[in-house]
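S.K.: below is the sequence, then the predicted model.
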Amino acid sequence: MNFYEHTLITKQDLSTPELNNIEKKYKDIITNTEGKVIKVEKWGLLSFAKKIRAYNKGFYIHYKFEAENKTLNEIKRNSIIDGSLLRHLTVKYKKLDTETEYFKENNEKKKQ
Amino acid sequence: MKRRNNKLNKRPQNPLNKLSLFQKTDSRFSKKCPLSGKGAPVIDYKNIKLLKRYVSDTDKIMPSRITSVSQNKQRKLTSEIKKAKILGFI
C-alpha cells in the first residue's frame, strides 16, 4: 500500500449536485477497490493560467488516499472516459502531509 | 584533510580591470541556495507562490545559474513545475 494524491479538474458549467456526484463517484471507486480515503479537499472554482479546451475556469477536487496499483488503473480509466473532467493528475508520496492546505485562504476570502 | 574552496575565497575583481574582453572575471556567484538548509520552503506542485518565483514571464523554468538553486533542488523544482503546468496553475 502506498500513499497517493489525486486532483481532478471539472468543467466550469456544472451544478452543485453534479459536482457532489463526481466527488462521491471517485470516493466510491477508491473504497470499492480496497483503498482508504484519508482526506478530500475542495479547492473551489479557480482560474487557469491558460485556456484548457476553451475553458477559462474549473472546479478542483483533491483526494489523499492509500491504495494499490489496482485502484490507480481504475481511477485513470474512469477519468479518461468521463466527459465532465478536463484534466487529472496522480502523485505518489512516501509521507502524506495532511495539515497544510495551500488553497484554503483563497476560498475564505471569496466568501467574505 | 579539509578541502579548501579557493574559488569562493578569492576576492571579487572589478570587471573593468580586465586586460582583454575574453578574459574571465574572477568574481564568482557565491550566493547560497535559497531552497536548501534549515527552514527552507517545501517544494510542492500545490505551493504556487514559490514556484512562480522560479518561472520567467513566458512560463519558462529559470536556469539555476541565475537563481543559484542547488542542483538537487533544481531537479525537484522542474518536476514540480511541470506537474503544476498540467493542472493549469502556471
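M.R.: Everything's here; your move.

S.K.: ok, how many other residues are close to the residue in chain A that chain B sits nearest to?
M.R.: Nearest residue of chain A to chain B (CB to the nearest CB) works out as A:F48 at 3.7 Å. C-beta coordinates here come from the backbone N, C-alpha and C atoms, glycine included. Counted by other CB atoms under 10 Å in any protein chain shown, the residues lying close to A:F48 total 18.

S.K.: can you tell me the helix or strand for it?
M.R.: In this assignment (DSSP states H and E), A:F48 forms part of strand A:36-52.

S.K.: for the following helix or strand past that strand, which positions count as buried?
M.R.: Where DSSP H and E defines the elements, the next helix or strand beyond strand A:36-52 is strand A:55-67. Burial within strand A:55-67, assessed by neighbour count using 16 or more other CB atoms under 10 Å in any protein chain shown, is assigned to A:Y55, A:G58, A:F59, A:Y60, A:I61, A:H62, A:Y63, A:K64, A:F65, A:E66, A:A67.

S.K.: strand A:55-67 pairs with which strands, parallel or anti?
M.R.: Applying DSSP bridges, strand A:55-67 is found paired with strand A:2-10 (antiparallel), strand A:36-52 (antiparallel).

S.K.: tell me the centre residue of chain B?
M.R.: Residue closest to the mean C-alpha point of chain B, counted by CA atoms, centre = their mean, is B:S68 at 2.2 Å.

S.K.: check contacts around that residue.
M.R.: B:S68 makes contacts with B:F29, B:K31, B:K32, B:C33, B:P34, as judged by CB atoms under 8 Å, 6 or more residues apart in numbering or on different chains.

S.K.: can I get those in CSV including neighbour count, secondary structure and distance to A:S15?
M.R.: Listed next are the contacts of B:S68 as CSV, based on neighbours: other CB atoms under 10 Å in any protein chain shown; DSSP: H, G, I helix; E, B strand; the rest coil; distance: CB to CB, whole Å:
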residue, neighbour count, secondary structure, distance to A:S15
B:F29, 10, coil, 54
B:K31, 9, coil, 52
B:K32, 9, coil, 51
B:C33, 16, coil, 48
B:P34, 16, coil, 44
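
S.K.: nearest residue to residue 50 other than its sequence neighbours?
M.R.: Looking at chain A here, since you left the chain open. Spatially, and ignoring its direct neighbours in sequence, A:K50 is nearest to B:G88 (6.7 Å; CB to CB, 6 or more residues apart in numbering or on different chains).

S.K.: other chain: chain B
M.R.: B:P41 is the one closest to B:L50 (CB to CB, 6+ apart), at 5.3 Å.
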